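> quick one, what's the 3D model for this:
(3 chains)
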Amino acid sequence: MSWTDERVELLKKMWSEGQSASQIAKELGGVTRNAVIGKVHRLGLSNRSGAAPAPAAAKPEPKPAPKPEVKPAAAEAKPAAKPAAAKPAPKPAETAEEAPAERPSNVTPIRKAIIPAGQPLPPQPSANEISPEALAKVNEIEKKAKKLTLLELTERTCKWPVGDPATEDFWFCGLPVQQGKPYCEAHVGVAFQPMSNRRDRRR
DNA sequence: CCCTGATTCGC
DNA sequence: GCGAATCAGG
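Sure, this is the predicted structure:
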């Protein structure tokens, strides 16, 4: 495939619309996102200022942030300045990587209204203190949840259970998971709590 | 380990 | 000019 006028135009259009390089490549066909990006640069429109920065409906990575773009023009202002130091420091402390144990699939449906013993319910924030912010987020996204069944879960679907396993009203969130984690962003927010103020832990 | 764009460099 | 490989970031 080559960059015909038509293809270039479509590229320009989609790029200015804020479509990602991979999306454009998919649409064009016969090219990779690398090819698209390369072309974009050669066309000199890497700075998405074609026209309308119309935020596409499904644009996961809005990038409206201004881009100062320091040019190497007057870079000799500070002769003795430190050149690099780009790595301030990673996060002070990675929060505890402890997920609520995944619930086995063999949930035995007892009578409804009876909670199966030994089956930790979906981490209900009842007693625990979770940021109301995160909770609101969860309530919000649970409306959009895919409501998957156990069998529909994949490595990339949020495995957060919703509802009572003993009833029909039970499903898994199913939204795209956050990288690594077993849950979507919202559920990660309530799942990975830095361990509440449990004072001592003798053993 | 899914994605994003940016850059390099042999072709 | 092209784009795979690679880099840097979320």
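> how close does the residue nearest to A:Ala145 when sequence neighbours are not counted get to DNA strand C?
When the adjacent residues along the chain are set aside, A:Ala145 lies closest to A:Cys173, with 4.6 Å between them (Cβ to Cβ, 6 or more residues apart in numbering). Yep, even glycine has a C-beta here, placed from its N, CA and C like the rest. Going from A:Cys173 to DNA strand C by Cβ to the nearest atom of the strand, to the nearest Å gives 19 Å.
> beyond the lowest-mean-pLDDT helix or strand in chain A, next helix or strand please.
In chain A, the helix or strand scored least confidently by mean pLDDT, DSSP states H and E is helix A:132-144, which has a mean of 78. Elements were assigned by DSSP states H and E; along the chain past helix A:132-144, the next helix or strand is strand A:161-163.
> show me what contacts the spatially closest residue to A:Glu140 that is not a sequence neighbour?
In space, A:Glu140 comes closest to A:Ala186 once its chain neighbours are excluded; the distance is 7.3 Å by Cβ to Cβ, 6+ apart. Contacts of A:Ala186 were listed using Cβ atoms under 8 Å, 6 or more residues apart in numbering, and they are A:Ala134, A:Lys137, A:Val138, A:Glu140, A:Ile141, A:Glu142, A:Leu175.
> that'll do, ta.
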